[in-house]
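Peer 1: Curious how this folds, go ahead:
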Amino acid sequence: MAKNGFRVMDSDLHVIEPKTLWDDYLDPKFRGRVSRHNVDDKVLPPFADRPERQRAWSLRMKRPGAERLGHGTQPKEALEAMDVEGIDVGILFRTWASQAINVDGLEPAFAAAMARAWNRWIIDFCQESRDRLKASALIPMQDMDLAVAEARASVRDGAVTLVLPSHMVNNRPIYDRFYDPLWAVAQELDVAVSFHGNHAAHAEHLAKRYLDNLVLSHACGQPVEMMLTLGAVVTGGVLSRFPRLRMAFLEGNCSWLPWWLWALDERWEAWGDQELFGQDALPSELFRRQCVVSVEPEEGLAKHVVAELGDENLVVSTDWPHDDSRYPHAVDTFLELPIAKDSQRKILWDNCARLYRL
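Peer 2: A predicted model of the protein is given here:
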């Protein structure tokens, strides 16, 4: 398949978990503790029991495209959508499961069991078309022994990336040495680590400040949390300690990138603690060497990112079947951006194939 002469690899295509996911795949000793609507005593989606959030969410559900949130539970639906868009290969990410797993104070063994359940389900899902459907793997953040074990198991089963939230879990910065065993095994396995946001979370999360304002809570809960996570990685020594580690920052826009890297470079040169963090390069240098960020198909300001930083560190994400996707014209919309065709080719395929080793 080729879209206007371009091969297309979607760095971040979504699925919708079936209602029977936990009954079918979760370790029996944990069943009954999680459903589509709650995990232990936490309501899902986060804060959906709050009146101000209910109003904001009801307005979202009236938006055109909201009906697609019932799609994507079957491989056939994903493949049909990919055919409509002209997508050759899609990397499949979670929708609801991450909200259940990345909860502060959650029992580590329970979080790991939910990750294993989702990972087993998505691997089975991808068997429908192994050439076109590629699995991501959820990794529990509460315990690194369990995280490392799940990383090894999921990559062995076929996952092409390990997925982490863009917000902190248990108030632990992502550059904390606690996470070093996970970075070590990702580097050893030569598998990418992908950060992906949530619109809210039962954890320290910017969206909690603005539960009655979906515009603001989503605009900070996705891009700004992603900015902070990328900032933590490139100022906290992670990429210097693990120079072969590849990291992706997905569904958080890219237009902020030139200014953010400039701001981090300036402050690193003034105040960077090389002794504490063991970092040997500027944040922008580490980003260019080891990171990619996703472009939204309608993100016209991406032309400035290409002009300032080049085209080697960008991939595309259509976000199907979520209601804010531009489906069925996401790829067409991207191709209309004022970006050179050679750069579009890299963003649509080459960079993503290099990221995921496909």
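
Peer 1: What ranges does the chain have for its strands?
Peer 2: For the chain, the strands defined by DSSP state E cover 9-14, 38-39, 42-43, 89-93, 133-138, 161-165, 192-196, 247-250, 291-295, 314-316.

Peer 1: export the ones you listed to a markdown table and tack on mean neighbour count, mean pLDDT and distance to Arg31?
Peer 2: Yep, even glycine has a C-beta here, placed from its N, CA and C like the rest. Formatted as a markdown table, the strands of the chain follow (neighbours: other CB atoms under 10 Å; pLDDT from 0 to 100; distance: least, CB to CB, whole Å):
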| stretch | mean neighbour count | mean pLDDT | distance to Arg31 |
| --- | --- | --- | --- |
| strand 9-14 | 26 | 97 | 25 |
| strand 38-39 | 18 | 96 | 12 |
| strand 42-43 | 16 | 95 | 17 |
| strand 89-93 | 25 | 98 | 24 |
| strand 133-138 | 25 | 98 | 18 |
| strand 161-165 | 25 | 98 | 23 |
| strand 192-196 | 25 | 98 | 26 |
| strand 247-250 | 26 | 98 | 30 |
| strand 291-295 | 26 | 98 | 35 |
| strand 314-316 | 26 | 98 | 37 |
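
Peer 1: Make TSV out of those and add distance to Asp332.
Peer 2: Output for these, formatted as TSV (distance: least, CB to CB, whole Å):
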stretch	distance to Asp332
strand 9-14	14
strand 38-39	38
strand 42-43	38
strand 89-93	17
strand 133-138	22
strand 161-165	26
strand 192-196	24
strand 247-250	21
strand 291-295	14
strand 314-316	12
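
Peer 1: which stretch among those strands comes nearest Trp22?
Peer 2: strand 38-39 (9.6 Å; CB to CB).

Peer 1: so who does the most centrally placed residue in the chain touch?
Peer 2: The C-alpha lying nearest the average C-alpha coordinate of the chain belongs to His196 (CA atoms, centre = their mean; 2.2 Å). Counting by CB atoms under 8 Å, 6 or more residues apart in numbering, His196 touches 12, 93-94, 98, 163-166, 250-251.

Peer 1: go with 7 Å
Peer 2: Each residue near His196 by CB atoms under 7 Å, 6 or more residues apart in numbering is listed here: 12, 93, 163, 165-166, 250-251.

Peer 1: Lowest-scoring secondary structure element of the protein by mean pLDDT?
Peer 2: Sorting the helices and strands of the chain by mean pLDDT, DSSP states H and E puts helix 51-61 at the bottom, at a mean of 85.

Peer 1: and that helix, which residues are buried?
Peer 2: Across helix 51-61, burial judged by 16 or more other CB atoms under 10 Å covers 53, 56-57.

Peer 1: what's the answer for stretch 320-335, then?
Peer 2: Neighbour-count burial for stretch 320-335, with 16+ other CB under 10 Å as criterion, is recorded at 320-323, 325-327, 329-331, 333-335.

Peer 1: How about stretch 14-27?
Peer 2: Buried residues in stretch 14-27, counting neighbours by 16+ other CB under 10 Å, are found at 14-18, 21-22, 25-26.

Peer 1: Stretch 312-331: end-to-end distance?
Peer 2: According to CA to CA, to the nearest Å, stretch 312-331 extends 19 Å from its N-terminal end residue to its C-terminal end residue.

Peer 1: starting at the chain centroid, how far to that stretch?
Peer 2: Distance of stretch 312-331 from the chain centroid (CA atoms, centre = their mean, to the nearest Å) equals 13 Å.

Peer 1: which stretch among the strands of the chain comes nearest Leu257?
Peer 2: Comparing the strands of the chain under CB to CB, the one sitting nearest is strand 291-295, at 5.9 Å.

Peer 1: Now do the contacts for Ile174.
Peer 2: The contact partners of Ile174, by CB under 7 Å, 6+ apart, come to 229, 232-233.

Peer 1: Neighbours of the spatially closest residue to Leu239 that is not a sequence neighbour, how many?
Peer 2: Excluding the flanking residues, the one nearest Leu239 by CB to CB, 6 or more residues apart in numbering is Leu286, at 4.3 Å. By other CB atoms under 10 Å, 24 other residues sit near Leu286.

Peer 1: 54 is where my numbering starts, stick with that
Peer 2: OK, 54 is where the count begins now, so the last one is Leu339.

Peer 1: Leu339 contacts Gly289, doesn't it?
Peer 2: No. Under the criterion of CB atoms under 7 Å, Leu339 is not in contact with Gly289, lying 10.3 Å apart.

Peer 1: residues contacting Leu242?
Peer 2: 204, 208.

Peer 1: quick one: it and Phe302, what's the gap?
Peer 2: According to CB to CB, to the nearest Å, Leu242 and Phe302 sit 20 Å apart.
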